[in-house]
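S.K.: Just to be clear, the model below is a prediction. Sequence and coordinates:
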Amino acid sequence: LTGSSSSSNATSNVPFAAFHVHPYAISSKASTAKFPVDIPPGREDFGIDACSSNVSSTRDEEKASISATNNDELKCQAVQVVSLDGFVERHISSSGMIDFLQIDAGDFNFEVLQGGKNTLARTRYLEFEYHDIGMWKQQTLEDAVRVLDEQHGFTCYLLGKSRLFRLTKCWIDVFGSHTRSNIGCVSRNEVNWALIMESVFVKTIYSTSQHLSSSLEV
C-alpha cells in the first residue's frame, strides 16, 4: 500500500482511495511463488506456504476446510515475490523517513523484515504481528527482537491495552508462548518517540508491581 493520491473522480470521496493494492507477495528476496486463489473473504491465514509442500506449517486442516468450502482442491497461481526494500524502491518516490511501517503478512512477517534493511534504516516506528504457526515455528519472536535490536537499532515492546512490556533486553520465555500478539518497535534514533514508549513501559511495570503487592497483602 502506498500513500500516493488517486486522480480518479469516481473514488475521490471513498475512504482509503489514496491507497494502492499491488499484486505482489513480499518476502526476504525477489523470486516467484504460488499463491492460493478463490479463498473466501475474511480468511487471512492462507499465504504462499499454503501452496508449498516444502514449508512445515499447520495448514492441513485449513486446506481441507477450504477444499470443502469450494468443493474442490486448493487452487494456486504463480505470483511475483519482491523484497520489502525492492517494493519501497520501486513504489515509494520519497526518500524521507517512514513514520509508521506495519507488516501483516501472516507467519511471513519475519521473512518480510529480513528483506527490509534499507527500509528499516529510515523507519521511526515498526509494528508487526506474532503467533505460533507456519514460519514462526522456525523463526522465533526472540530471534526477531534480537535482530531488530542488534542490526537495526530498534527497541521492541509487547503491545497491550494502554500498556507496554519491553521485549528488548528484558526477554523472558513467556513472551514467546503467545499464540497471537502485536509487537511495536521504536528506532532508538528517534529519542523522543523512544522516551515516550519507555515511560509507558515503566508505568506498566509500576502499576503491575503495585497490583501484585496489594494482592499479597490481602
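M.R.: Thanks, I have it. Numbering: from 1, shown residues only.
S.K.: C-terminal to the helix-or-strand element of the chain with minimal mean pLDDT, what's the next element?
M.R.: Within the chain, no helix or strand scores below helix 60-70, which has a mean of 48 by mean pLDDT, DSSP states H and E. Using DSSP states H and E, the next helix or strand after helix 60-70 towards the C-terminus is strand 75-83.
S.K.: Scan the chain for its longest helix.
M.R.: Ordering each helix of the chain by length in residues (DSSP state H) puts helix 191-217 first.
S.K.: packing partners for that helix?
M.R.: strand 154-159, strand 164-166, strand 180-187 (3 or more Cβ pairs under 8 Å, 6 or more residues apart in numbering; DSSP states H and E). In this view, the C-beta of every residue, glycine as well, is placed from N, C-alpha and C.
S.K.: residue contacts, Gly96?
M.R.: Applying Cβ atoms under 8 Å, 6 or more residues apart in numbering to Gly96 gives the contacts Arg122.
S.K.: ok so it is a helix residue?
M.R.: No: using DSSP: H, G, I helix; E, B strand; the rest coil, the assignment for Gly96 is coil, not a helix.
S.K.: now it: how far from Cys156?
M.R.: Per Cβ to Cβ, to the nearest Å, Gly96 is found 23 Å from Cys156.
S.K.: Paired strands for the helix or strand that contains Lys34, with orientation please.
M.R.: Assigned by DSSP H and E, Lys34 belongs to strand 31-37. Strand 31-37 has the following strand partners under DSSP bridges: strand 75-83 (antiparallel).
S.K.: For stretch 135-152, what is the distance to the chain centroid?
M.R.: The chain centre lies 12 Å from the centre of stretch 135-152; the measure is Cα atoms, centre = their mean, to the nearest Å.
S.K.: Mind checking the pLDDT average for that stretch?
M.R.: Stretch 135-152 shows a mean pLDDT of 90.
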